[in-house]
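Any chance you can model this:
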Amino acid sequence: MYPLRLVLASAAVLSVGMPCEAHHSSAMFDAQKSVTLQGTVKSFQWTNPHCWIQLLVPAGTKVTEWSVEMGSPEQIYRSGWRRSTLQPGTSVTVVIHPVRDGTPGGQFVSATATNGVQLGVAGAKGRNP
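Reported below is the predicted structural model:
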């Protein structure tokens, strides 16, 4: 009887933890590709569970809005980001792993200001969120 209780208790614990882990999938991004975007920050959203950069990128005569997903506020804070790191109207270069389906979005890799300073770097090693 004891082994059955152990198996049932283990199954219950695992079933509760699995949905939390599923949230953190990055399968929608193509980690084998990197895209460099130069544009203007429309907004920097400091929100849970993920922060977002909305970036306006000129492409010929039109402007495309890209959604760049970052880590949680806690994760990117440890990497040097602050709520005020990016302000609307700031020109930046952002490197992302693009969304696989071709929509204008991606997973954050790095960001550099127009003066060449890498944004959100904590310490000399340059850790990125």
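
Residue 96 and residue 79: what is the separation?
From residue 96 across to residue 79, the span is 16 Å (CB to CB, to the nearest Å). Heads up, the C-betas are built off the backbone N, CA and C, glycines and all.

outside of the lengthiest strand in the chain, which residues touch it?
As assigned by DSSP state E, the longest strand anywhere in the chain is strand 35-45. By CB atoms under 8 Å, 6 or more residues apart in numbering, the surrounding residues in contact with strand 35-45 are 51-58, 65-66, 68, 83, 85-98, 106.

So what pairs up with residue 45 in the strands?
Beta-bridge pairing of residue 45 under DSSP bridges involves residue 52.

Near it, how many residues? Count them for me, please.
14 (other CB atoms under 10 Å).

and what of the one 3 residues further on?
Neighbour count of residue 48, defined by other CB under 10 Å: 8.

what kind of secondary structure is it in?
Using DSSP: H, G, I helix; E, B strand; the rest coil, the structure places residue 48 in coil.

who are the neighbours in contact with it?
72, 73.

From residue 74, how far out is it?
9 Å.

what does residue 109 give?
19 Å.

which one of the two has more residues nearby?
Counted by other CB under 10 Å, residue 109 and residue 74 do not tie: residue 109 has more neighbours, with 18 against 8.

which ones are touching the more buried one?
Contacts of residue 109 (CB under 8 Å, 6+ apart): 34, 94, 95, 96, 97, 128.

just those now: which is nearest residue 25?
residue 97 (13.3 Å; CB to CB).

Check for me that the closest one belongs to a strand.
Yes - assessed with three-state DSSP, residue 97 lies in a strand.

Would you point out which residue is most central in the chain?
residue 70 (1.7 Å; CA atoms, centre = their mean).

Could you check the pLDDT of that one?
pLDDT for residue 70: 96.

Hmm, residue 108 and it touching each other?
Yes - using CB atoms under 8 Å, residue 70 is in contact with residue 108, at 4.4 Å.

quick one, helices of this structure?
Secondary structure of the chain (DSSP state H): helices at 2-22, 73-78.
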